[in-house]
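In: Predicted model, plus sequence, below.
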Amino acid sequence: MAMVPVAKKARGEMVVVANRSRALMEAAPARCSNMEAPIMLLSGHKSEVYTAKFHPSGNWLASAGMERLIYLWNVYGECENVSIMSGHQGPILQLAFAEDGKTIFTASTDKTIGVFDTMTGERIKRMKGHTGMVNSVAVARDDRPLVVSGGDDCFVRVWDRRQRQPVHNLNSDFQVTAVSFNNDAQQVISAGIDNHIKIWDLRKVELETTVKGHTDTVTGMSLSPDGNFVLTNAMDQTARIWDIRPFCLGERCVKVFKGHSHNFEKNLLHCAWSPDGSMVSAGSSDRNVYVWDVASRKLVYKLPGHLGSVNDVDFHSVEPIILSAGSDKQIYLGEFEP
């Protein structure tokens, strides 16, 4: 199940160079990462891949999906699969690393949040509380011991990873498909099939703000590097940036990005920020990865290669590398111009 280089021009003008002659290597564009080739393909999943994220160090990535397993891969060298973790009884819809990278949290259709040790591959805890499928999970920053999840039971649940039961249960009235903390974990941001962005105050344990803008189900959410904004992806064919700072005056939707799509599959297509906050990316049902410049809102990359819906995307923490995971059972890593 090792990752192999793609021996073709799979993405735009990027030329894959792996085990080629010196002349071809000299003719290729200058490399901008330490990957073995400018584009790498991870093959090994036996079914759709719904979620994939880089480890905070950038040395590994984790992926999961329909087959209920978590795969851990090397990012560099031959990029082999180094671990497979099991423990869920249903497909895994989203995963998130703890900020220190030691733990992986997973949201599953089996109504639980799994907690896995990254290095040993063992499931160390199973958080029970949801009464429906768990669609989304996110981890608080700065090593705070908080985890948030949202599910088909219409609840946003906040957990202390040291305890077994949720510490807060927030009733959203509609199925929840995406969740995130704000920067200091004093607020939770959620969204779902009612199309609205909801901001919850955890100090008062109540709904603080409901923000309208999307006209269809929100399928993914990502907190900006500076913690002031969230990016959302939705079935209305838009990705949007929202100002979530307290006491924000005026319009909270500050950017709208278009070009990508959702289709009848109704997958939960996720989104991501680049580490410096200058670019955003979103999955798309048209088999492409979309990357926009935040300042100009212009589409800077439309990356082909997948043979099915692109369900998740993520940016490497150190190098100009983007990953994409799809319903075609494949994961791509690709360099882009920094």
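Out: Sure, I can see it.
In: pLDDT below threshold where in the stretch 1-150 of the chain?
Out: Along the stretch 1-150 of the chain, the parts satisfying pLDDT under 70 run over 1-29.
In: And the strands in the stretch 101-250 of the chain, which stretches?
Out: For the stretch 101-250 of the chain, the strands defined by DSSP state E, counting those that start in this stretch occupy 103-108, 112-117, 123-128, 134-139, 146-151, 155-160, 166-171, 176-181, 187-192, 197-201, 206-211, 218-223, 229-234, 238-243.
In: Any chance of these in TSV with distance to A30 and mean neighbour count as columns?
Out: Where C-beta positions appear, they are placed from N, C-alpha and C, glycine not excepted. Output for the strands of the stretch 101-250 of the chain, formatted as TSV (distance: least, Cβ to Cβ, whole Å; neighbours: other Cβ atoms under 10 Å):
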stretch	distance to A30	mean neighbour count
strand 103-108	35	26
strand 112-117	38	23
strand 123-128	43	17
strand 134-139	36	26
strand 146-151	41	27
strand 155-160	46	22
strand 166-171	49	16
strand 176-181	36	27
strand 187-192	40	26
strand 197-201	41	21
strand 206-211	43	14
strand 218-223	30	25
strand 229-234	30	26
strand 238-243	30	23
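In: Of all these, which one comes closest to H270?
Out: Among these, the nearest to H270 by Cβ to Cβ is strand 218-223 (3.6 Å).
In: so for the closest one, what's the average pLDDT?
Out: Average pLDDT, strand 218-223: 98.
In: and the angle for that strand with strand 197-201?
Out: 50 degrees (axes from the mean of the first three to the mean of the last three Cα atoms, to 10 degrees).
In: what's in contact with strand 218-223?
Out: The contact list for strand 218-223, computed with Cβ atoms under 8 Å, 6 or more residues apart in numbering, reads 136, 138, 141, 177-183, 189, 191-192, 195, 197, 229-235, 262, 267-273, 280, 282-283, 312.
In: So what are the sheet partners of it and their directions?
Out: strand 229-234 (antiparallel) (DSSP bridges).
In: so how far is the strand it pairs with from its chain's centroid?
Out: 11 Å (Cα atoms, centre = their mean, to the nearest Å).
In: What of stretch 217-226?
Out: 9 Å.
In: what do you get for stretch 188-198?
Out: Put simply, stretch 188-198 sits 17 Å off its chain's centre (Cα atoms, centre = their mean).
In: got the contact list for it?
Out: Residues from elsewhere that reach stretch 188-198 (Cβ under 8 Å, 6+ apart): 148, 150, 154, 156, 158, 170, 172-182, 199-200, 202, 207, 209-218, 221, 223, 230, 232, 234, 236, 242, 244, 252.
In: For burial, what's the neighbour tally of E251?
Out: Neighbours of E251 under the rule other Cβ atoms under 10 Å: 10.
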